[in-house]
Structure formats: structure tokens, C-alpha cells
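Visitor: Have a look at this prediction, sequence included:
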Amino acid sequence: MPSTDQASHAGLRLLAVHAHPDDESSKGAAASAAYVARGARVCVVSCTGGERGDVLNERLKDDPHILRDIAQVRRDEMAAAAAVLGIEHVWLGFMDSGLPEGDPLPPLPEGCFALEPISVTTEALVRVIRSFRPHVMTTYDELGGYPHPDHIMTHTVSMSAFLAAGDPTAYPHAGPAWQPLKLYYNQTHSGGRIRAFHDAMVAEGIESPYTEWVAAIDKRPVRTITTRVPCSEHFPTRDAALMAHATQVDPDGWWFRMPRELEARVWPTEDFEAALSYVPVHAIEDDLFAGLPDAAAADALATSAHLTVAYDGRAHAGSTQEAS
Ligand SMILES: [Zn+2]
């Protein structure tokens, strides 16, 4: 177990890049709360405002206030969730691309995040990185973790900005160079965890909402989990943050079917996959900041001109390796 004393991570900074408001509360939220409790600063970037999200909570579906201005409602929900998690928050300012549905798929809406030139979105994120100066960043894997165009673009922009932020010749008007030292993909909803949840619920005689997911696990590429952050004591905070996104979360939905004491017993961590690191990664880590010296030394490292990649876990393009 990592040190959980209040100052163990004082001065360290984590930047979590997400696509929509609510993603920060469903992926890595308990780990975020754990780092805040240990004295780190955690900043969430929402690339879009979630303007094209549907109201998923049956009880709020016909609420006229919500229907009139969903964008403002989602800003208010995000502020409430950030307060619950104790995190800082930045809007990157791009427009939700929506989840295209139908066959054939309709074109993406003009001006949306997924259609913005990559140089424009990268510069916006580089500006946030150089201002907040994170030692560690998290984002989604190359599949987005979920096939939404904004999630896949969030991955693309995060990779591009991570590599550009430390290069003083790249986007020179976006602030002084700062190289985050480690980059991870969120793997909170890994196949292993879903299967463990399903099996535990079946063993307890509880109806599992995961049957279809479990059947589809073998079709998903195998991920390399490198890091498991113990954070079960912060699961209630995660749940409260998620509930703050009231329009997006059905309180009677599958998310809350898993009894929380069973969840804490079966899977007490939130998990990550190291993608790029300038310090060695020795899996399985229990801390996203593993291998970094104290904050002052990490600061010096992040502005050093002599960094070399020590770990490269980026998936090779076109990899379709499947579980057997
Ligand atoms: Zn999302």
C-alpha cells in the first residue's frame, strides 16, 4: 500500500484529460480523490462541454429548465462534481461531437471537437499543461475506451500535447515549455474488473447487469495494466461526484447495482496503463507518481533539456490482439 498520509504527495500535480463533463467521475475519480487526500493537486480538463449529451436520468427527462439550456446545466453539474472530488477544473472550450448513430452513420456536426484541426486542439491543451505544470497526465487509450468520436479525439490530442508541451519550439505562444513525466491511459473499466464484478455478483446470488459485457470481453484487445491505485475508501466520493451529474446518471441504473462493500472487496483499485514515461515503469505499480522524486526534483526534471523516454507502452497501430 502506498503511503496515505496527508502530505505524502504534497506539491505533486496530476492532470486528467477527459472528453465530457461526467467522464472524470466515471473513470479514475476515486484515484483523483485519493491523490487530493494525499496532498497532490489534481486538475481535470474537459475537452468539450457535453452539449450534445442526452438526459439519461428518467426523472429529469422532461424538466423544462434542463431542456432549455443543457449546456449551462452541465457546467453547473461539473462545478458540483469538482467540489465533491476536491479537484481543479478547466474547460478546453470545444463543442461536443455527439455520438453518431444509424447506418450509415451521419456526418459529424460542423465545428465539433472531433473535426477541429489537431494543431488548434493541441495548442489549447499545451496551454493548459504549461500553466498547470503536471508531473503526470492521464487520458484514454487509442480506442477511446468507448467508441465516441470525442473520446478517440481526446486520446489523439492528449498524445500530441504531451509530446509538444516540453518542446520550446512548439506553440511558443502557449507558455514556457513543460514536459509532464508520465502519461497513462485510464483502464478503470477493464475486462478483468467487469468479469470479477460479474462473477462476484453471481456468487452472491445478485442479478448481474454485466452479462452482455462479459460476453463481449474476448472481442476487446488485451490491455497492459501497469498501475493499480488502491482507493476504495474514496468510492463514496466517486459516487457522490457521479451523482452530481444528475442529468447523465440514472440513480437506478446498472452503475449502482454492485453492492459497494462487495466492490471494495473484489476490486479496491482504479487501474491505469502506462503509455509513455521519462522515468522507468516497474509494473505493477500502486502509484501514478511511482519513480518520481519529490516535487522539487520532479519540477527540475520536467524542465530539463535532457529527458529520454524510459518506457513506451503505446499500442502499435492496427493492433488487434485479442484475448484467447
Ligand atoms: Zn464521454
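Guide: That came through, no problem.

Visitor: ok, Ala165 touching Ile129?
Guide: Yes: counting by CB atoms under 8 Å, Ala165 does reach Ile129; the two are 4.2 Å apart. Where C-beta positions appear, they are placed from N, C-alpha and C, glycine not excepted.

Visitor: who touches both of the two?
Guide: Counting by CB atoms under 8 Å, 6 or more residues apart in numbering, the shared contacts of Ala165 and Ile129 are Trp178, Pro180.

Visitor: Pull up the residues of this protein that are close to the ion.
Guide: For the chain, the residues in contact with the ion (CB under 5 Å from the ion) are Ala19, His20, Asp23.

Visitor: so what's Glu116 up against?
Guide: Glu116 touches Phe94, counting by CB under 8 Å, 6+ apart.

Visitor: need the strands for the stretch 151-300 of the chain, in chain order.
Guide: Assigned by DSSP state E, counting those that start in this stretch, the strands in the stretch 151-300 of the chain fall at 182-186, 227-230, 269-277.

Visitor: Looking at the stretch 201-324 of the chain, which residue is nearest the ion?
Guide: Gln248 (9.0 Å; CB to the ion).

Visitor: List the residues that contact that residue.
Guide: For Gln248, the contact set (CB under 8 Å, 6+ apart) comprises Pro21, Asp22, Gly50, Gly53, Val55, Leu56, Asn57, Arg74, Glu77.

Visitor: so where's the stretch 1-150 of the chain shaky on pLDDT?
Guide: 1-5 (pLDDT under 70).

Visitor: And the residue of it that's closest to the ion?
Guide: For the stretch 1-150 of the chain, CB to the ion, closest residue to the ion: His20, 3.7 Å.

Visitor: Please name the spatially closest residue to that residue (chain neighbours excluded).
Guide: Gly50 (4.1 Å; CB to CB, 6 or more residues apart in numbering).

Visitor: next one: phi and psi at the one you found?
Guide: Main-chain torsions, Gly50, degrees, to the nearest 10: phi 70, psi 30.

Visitor: and it, how many neighbours does it have?
Guide: 25 (other CB atoms under 10 Å).

Visitor: So it sits against Ser25, correct?
Guide: No: Gly50 is beyond contact range of Ser25, at 12.0 Å (criterion: CB under 8 Å).

Visitor: How about the contacts made by the residue nearest to His20?
Guide: Taking CB under 8 Å, 6+ apart, we find Gly50 in contact with His20, Pro21, Asp22, Ala71, Arg74, Asp96, Gln248.

Visitor: my guess is the second one meets Val73, correct?
Guide: By that I understand Pro21. No: counting by CB under 8 Å, Pro21 does not reach Val73; the two are 9.9 Å apart.

Visitor: Pick out whichever of the two has more residues nearby.
Guide: Pro21 (31 against 23).

Visitor: ok, that one - contacts?
Guide: With contact set as CB under 8 Å, 6+ apart, Pro21 has these partners: Ser46, Gly49, Gly50, Arg74, Arg75, Glu77, Met78, Ala81, His245, Gln248.

Visitor: and the residue sitting furthest away from the middle of the chain, what pLDDT?
Guide: For the chain, the residue at maximal distance from the C-alpha centroid (CA atoms, centre = their mean) is Gly205, at 32.0 Å. Looking at Gly205, its pLDDT stands at 96.

Visitor: how would you label Val90: helix, strand or coil?
Guide: Of the three states, Val90 takes strand under DSSP: H, G, I helix; E, B strand; the rest coil.

Visitor: Write down the beta-bridge partners of it, one by one.
Guide: Note on Val90: beta-bridge partners Val45, judged by DSSP bridges.

Visitor: From what I see, it and Cys43 are in contact.
Guide: Yes: when contacts are counted by CB under 8 Å, Val90 is listed as touching Cys43 (6.3 Å).

Visitor: For burial, what's the neighbour tally of Met201?
Guide: When neighbours are counted by other CB under 10 Å, Met201 registers 21.

Visitor: Phi and psi next, for the closest residue to it other than its chain neighbours.
Guide: Counting by CB to CB, 6+ apart, Ser208 is the residue found nearest to Met201 once chain neighbours are left out, at 4.2 Å. Phi and psi for Ser208, reported as degrees, to the nearest 10, are phi -90, psi 130.
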